[in-house]
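Student: Give the three-dimensional model of this entry:
(one chain, ligands or ions: 1)
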Amino acid sequence: LPVIALIGRPNVGKSTLFNQLTRSRDALVADFPGLTRDRQYGNGRVGDSPYLVVDTGGLVGGEEGLDSLMADQVWQAVDEADAVIFLLDARDGLNLSDEQIAERLRRSGKRAWLALNKSDGQDTDAIVADAYALGLGDPVPIAATQGHGVTSLINRVLADFPAHEEVEAEKRAHKGIRIAVVGRPNVGKSTLTNRMLGEERVLAYDQPGTTRDSIYIDFERDGEPYTLIDTAGVRRRSKVSETIEKFSVIKTLQAINDADVALLVLDAHAGEVTEQDATLAGHILESGTALVVTVNKWDGLDEDQRNWYRNQLDRRLPFLGFAERYFISALHGSGVGDLYKAVKTAHRSASIKVGTSELTQLLEKAVHDHQPPLVRGRRIKLRYAHQGGQYPPVIVIHGNQTSRLPHTYKRYLNNYFRSALKLVGTPIRFEFKTGD
Ligand code: GDP
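Tutor: Next up is the predicted model:
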């Protein structure tokens, strides 16, 4: 999955471009009450090609103090990205900060594209010449607010990367269900990874290309193949002294995208479910990866503390109701073996294939049990359903006036299909088509 970082001075339009590049997420956020949008990392796609965008926040020239702290994060993001879009402001023209950023970008050797934002209604000839002089190639004129030029920009950026099919083929080289163990620092990912691998037969592990890459470890359990995507860098550290690997959000998001099933590890000793936990959960939803909620460090808690934590899960992660929860101790090993059953169930659910006639019959039954409402004297009609995709399962429903279907009825359909198809550990996405 190509990772694209957006950089530039404050107010050049990075967040606007970020929103344009990740627009599909608005629908997702609306589908899952309680979920908030991550404003820094987002998935997007043009045609069949997915990508990950990082909004780095503003870079000011001549960094000192706090600004240079910010800058460190920005350049770390650049370092981890595969490509950079450097935004310029066609209204303001170029200034010293732009030149400094360009200079550093050139030295980084990172593939970079210049986007000349706010190009609408401007005579850009002079600034195009200035931008070209930055030594980063031809600037692409865009207007992020209206979305002008954005598709052409992203297509140019993505042209450098292998086609999606090639990536999928490489994925299939690993035979087993791909499991990503993800979570914020210190929740116990390494401990869990070691525990899982310590008990099984490890067949092979890949050497990562760069520090950003996760390691893929093939192993067997009860004769069945699995691949563990190690974001914690367990197998990279040869000595105990090389303890903590720098936490990388990008690496985590890559692993989620690459996996069939994510084990979202939460820390029951930490007390609260944090914003970062919720954000990661949101990214798992966004990617369509199946999910098992894995609450770690369940040892050493009394019944009150456990109830309190269960409550936290309901309150802070209400949108994860579709996933199974496991309470484990990676340290002592309790509950770890049970995770495999949950992984298999979630994987089966997310990759299910259902024929059109079966789905249509289920739809007819659902409608028979509980009719959609009348709108302006006419009943909303749902005629047939077919499957539109996997990871997560997409159910496409055709009918009349479907755009007027109330939220409560959609929720009813969701619950109906979920229980009829026995789907656990994956959301279902509905698309409604209308004949009028
Ligand atoms: P990572 O950063 O997510 O990889 O977390 P680590 O696996 O390095 O664990 C962080 C700390 O939590 C270490 O001190 C572990 O010993 C401890 N820890 C991990 N799992 C458990 C557990 O199940 N119970 C308890 N009590 N501590 C744990």
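Student: quick one: pLDDT of the residue nearest to residue 1 when sequence neighbours are not counted?
Tutor: Spatial nearest neighbour of residue 1, excluding adjacent residues (CB to CB, 6 or more residues apart in numbering): residue 257 at 5.0 Å. No exception for glycine: its C-beta is placed from N, CA and C like everyone else's. The score at residue 257 is 92. That number is its pLDDT.
Student: Could you tell me which residues make contact with residue 257?
Tutor: 1, 43, 50, 52, 287, 289 (CB atoms under 8 Å, 6 or more residues apart in numbering).
Student: Against residue 322, how distant is it?
Tutor: 19 Å (CB to CB, to the nearest Å).
Student: gap between the strand ranked longest in the chain and the chain center?
Tutor: For the chain, the strand with the greatest residue count under DSSP state E is strand 381-389. Relative to its parent chain, strand 381-389 has a centroid offset of 26 Å by CA atoms, centre = their mean, to the nearest Å.
Student: Output the contacting helices and strands for that strand.
Tutor: If you count contacts as 3 or more CB pairs under 8 Å, 6 or more residues apart in numbering; DSSP states H and E, strand 381-389 packs onto helix 356-369, strand 394-400.
Student: Now do the shortest one and helix 356-369, the angle between them.
Tutor: Angular relation of strand 394-400 and helix 356-369 on a 0 to 180 degree scale: 60 degrees, by axes from the mean of the first three to the mean of the last three CA atoms, to 10 degrees.
Student: can I assume the residue nearest to residue 1 sits in a helix?
Tutor: Yes. The assignment for residue 257 (DSSP: H, G, I helix; E, B strand; the rest coil) places it in a helix.
Student: Distance of it relative to residue 214?
Tutor: 11 Å.
Student: Where does the residue most central in space within the chain sit: helix, strand or coil?
Tutor: In the chain, the C-alpha nearest the mean C-alpha coordinate belongs to residue 283, at 3.6 Å (CA atoms, centre = their mean). Here residue 283 is recorded as helix under three-state DSSP.
Student: Ok, residue 9 next?
Tutor: Quick answer, by three-state DSSP: residue 9 is coil.
Student: how many neighbours does it have?
Tutor: 20 (other CB atoms under 10 Å).
Student: if I look at the residue nearest to residue 1, how far off is residue 20?
Tutor: Distance from residue 257 to residue 20, by CB to CB: 20 Å.
Student: Setting aside sequence neighbours, what's the nearest residue to residue 371?
Tutor: Here the residue nearest residue 371, using CB to CB, 6+ apart, is residue 379, at 6.8 Å.
Student: and that neighbour, what does it touch?
Tutor: Contacts of residue 379 by CB under 8 Å, 6+ apart are 371-373.
Student: Compare those residues and tell me which is most surrounded.
Tutor: residue 372 (22 neighbours).
Student: residues contacting that one?
Tutor: 379-382, 405, 409.
Student: now do 10 Å
Tutor: 366, 379-382, 399-402, 404-406, 409-410, 412-413 (CB atoms under 10 Å, 6 or more residues apart in numbering).
Student: Can you give me the pLDDT of the residue sitting furthest away from the middle of the chain?
Tutor: In terms of distance from the mean C-alpha position of the chain, residue 377 ranks first, at 42.1 Å (CA atoms, centre = their mean). Note on residue 377: pLDDT of 89.
Student: can you tell me how far it sits from the ligand?
Tutor: 58 Å (CB to the nearest ligand atom, to the nearest Å).
Student: List the residues that contact that residue.
Tutor: So residue 377 contacts nothing (CB under 10 Å, 6+ apart).
Student: Quick one: name the residues of the stretch 301-436 of the chain near the ligand.
Tutor: 329-331 (CB under 6 Å from any ligand atom).
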